[in-house]
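Got a sequence here, can you model it:
(3 chains)
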Amino acid sequence: MARDGGDRFMALNGMPASSRFPKTRHLLKHADFQRVYQGGGRQFTGNMTVFFLRRECGGGEPGAGGPKVGFTVGKALGGSVERNRIKRRMREAVRRSWPACEAPVDVVFNPRKSVLSLPFAKLLDEVERGLRLAAQRTRVTEQK
RNA sequence: CUGCUGGGCCGGACGGUCGCUGCCGGCCUGCGAACGCUGGCGACAGCCAGGCUGCGCAGGCGGGGAGAGGAAAGUCCGAACUCUACAGAGCGGUGUGCCGGAUAACGUCCGGGCGGUGGCGUUCAAGCGCCAUUGACGGAAAGUGCCACAGAAAAUACACCGCCCCGCCCAAUUUACUCAUUGCGGCGUGAGCCGCCGCAAUGGCGCACAAGCGUUGUUCAGGUCCCAUGGUCGCAAUGGGCUAAUUGGGCGGGGUAAGGGUGAAAUGGUGCGGUAAGAGCGCACCGCGCUGCCAGUAAUGGCGGUGGCAGGGAAAACCCCACACGGAGCAAGACCAAAUAGGGGAGGAUCCCGCCGGUUCUCCCGAUUCACACCCAGUGGCGUGAAUGGAGAGAACCGGCGGGAACGUGCCGGCUCGGUGCGUCACAACUUCCGGGUAGGUCGCUAGAGGCGAGCAGUAAUGCGCGUCCCAGAGGAAUGACCGUCCUCGCCCCUUCUUUUCCGCCAAUGCAUUUCUGCAACGCGCGGACAGGAAGGGGCGGGACAGAAUUCGGCUUACAGGCCCGGCAGCUAU
RNA sequence: GGGGUCGUAGUUCAGUUGGUUAGAACGCUGCCCUGUCACGGCAGAGGCCGCGGGUUCGAGUCCCGUCGACCCCG
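Numbers count the residues shown, from 1 in each chain, chains lettered A, B, ... in the order given. Modelled structure (predicted):
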């Protein structure tokens, strides 16, 4: 089964650093979320909605070089167990998709309930696509 | 063994890779302060530079170790803890509610009592005993209110029907009438249930004096149903009453609380006596109330006496009684504290004294009013407090006037000074300090009514001491993602064995023989098919309910599967 | 962490306090009206009162538990 998926896992497991996801890479503040919703772009990718916005004043803070990611998992998505499961799967997927995006952007993922039962390889694919998309779009707007 | 049910326990296991959040210690980098060390300068306050050590913070690297539950849930109770209010108590409100115990506390738990339900045993039965289970289980003679429809009446008991007695009136009857007893004959043969019989049997149960009910039948009108030991009709005999009496009807007065089939519920129940009719009116048993003794800590139980019945339900209607509770909640609360706005003090920009006026506060004075407490036979007295008032005193602040000092400045004299005039008013920038306090951060924050083990006390809940262990602390919220093996459950497939039923065959097979063929076997025989069971293997799918948020004790609710203990029913074996 | 409100016909709501008959409007169905539709008229169906217990003679209503939805405060 899924020979190609197995290879992908091997490759990801072999990748040593930069696949970590500490708190400094999280997007936590309510104001940050509002800024991304108001000023950024959005794209729906099937099982989630991706919001993104380039961060300008990302000066001296640690972890300012790369993207920062936040999730919104509302009460409508289920009980606390299911919401936690969704967040954990999303975090894991983002953690393994860091190479897709190097730009300093703020990204907010708004997952749907189907993330719970989706095979992990597909979820990984979608998150990686979303991150790459966010990087490209923000670069375009910057050139304008 | 199966099914139902009650209680307790567990809540998949092991491993790999990569992660997340605290903690411990190591290394590196940066910053900060201390300024201990070195060097330089110096007015010996200190400053500058260097780099070592230790400290704090942040980041990075690699290491060790830890990391969701029995319900973490619902937030239904109870506490700890914190702040706040408070002399004490009450009112109000909320909650609890048989008794005793456990506990920090509880609406929780344990034990007991009483009641309900089910089962078993015993007994002719009533009843009694045992077991299981269950109960929001104080008070209805403290008071208010409610009880539809039906029913005479729904809480005051008695209006109505009925029954009985007395009085009056009317009608009928008259030697006939009437009453009682006995005998004979007739009428009747039953809707329902049980039993009995099959041309024989015909027994029992089931109201009444009446009003009425009930039954059958059923669409309604209407009709039907009456005595067997006591019904009714007729006849006869005997005895009694008698010209007034009897019967019937009406009216009036009284007695009665038995009955009146309704209803969820009807004013003690059954029997006997008793009476004009009746009635706890009397008696026996049962129930109930009061009371005495005994047992028990108590709830309560047992025995006896006594009363003749007090009196329905409902308090999850209001309410009464007893007891408990001040309020808010870790976003409690404490500390540090940015930016911005704002507050206060000082400098900027001056202090002192006296007089007058005003405001506020405190004290003082006595009068009136009110409230409370005490004394008193009392309209009275006395004390305290409050409000109003006053002419007084003090303090603070504000305003005005006057004087002095100091400073600035002008003028005059004059030169280590003096005199005199004016000003020193207000506001603001700015500087500095202080306090409150937002964002943010730190603490609270996990060693506890803690877990485990065995012991002792206790029927138990639980308690006591001993030993041992440290076991999540996040904060837009970590405790994960993926994979492998095993475990378990369900379905499907294959192999082997086996059971029942059915079908086919005396052969397949083995041995002998060159071959034909012969021998072995009607048997617990051989072969096959459907179905079932067991074991093994393989494949697929499933493994619940659910995520700590200050911490505990309970309750309630959700929950796949497994284990243990108990009760009931059925089957099988001994 | 506190506090509150509401679940009744397909839909929106009465009825709940103070217990004994479940109602209104719109919608739906059928018939009439009209050449046809709409409007209108007549008739009808449709409810285990969120769920589970209890109190009571009797529960939509009272009590307890539970589920769901919504709102407010810090």
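
At the geometric centre of chain A, which residue sits there?
Centroid-nearest residue in chain A, with C-alpha atoms, centre = their mean: A:Val94, separated by 4.8 Å.

shouldn't A:Leu116 be in contact with A:Arg85?
Yes. A:Leu116 is within contact range of A:Arg85, at 6.0 Å (criterion: C-beta atoms under 8 Å). Quick note: C-beta positions are derived from backbone N, CA and C, even for glycine.

Can you find the helix or strand in chain A with the smallest mean pLDDT?
Lowest on mean pLDDT, DSSP states H and E among the helices and strands of chain A sits helix A:3-14, with a mean of 32.

what does the next helix-or-strand element following that helix rub up against?
Next helix or strand after helix A:3-14 toward the C-terminus (DSSP states H and E): helix A:30-39. The contact list for helix A:30-39 (C-beta atoms under 8 Å, 6 or more residues apart in numbering) reads A:Leu27, A:Phe51, A:Phe52, A:Leu53, A:Lys68, A:Gly70, A:Thr72, A:Asp106, A:Val107, A:Val108.
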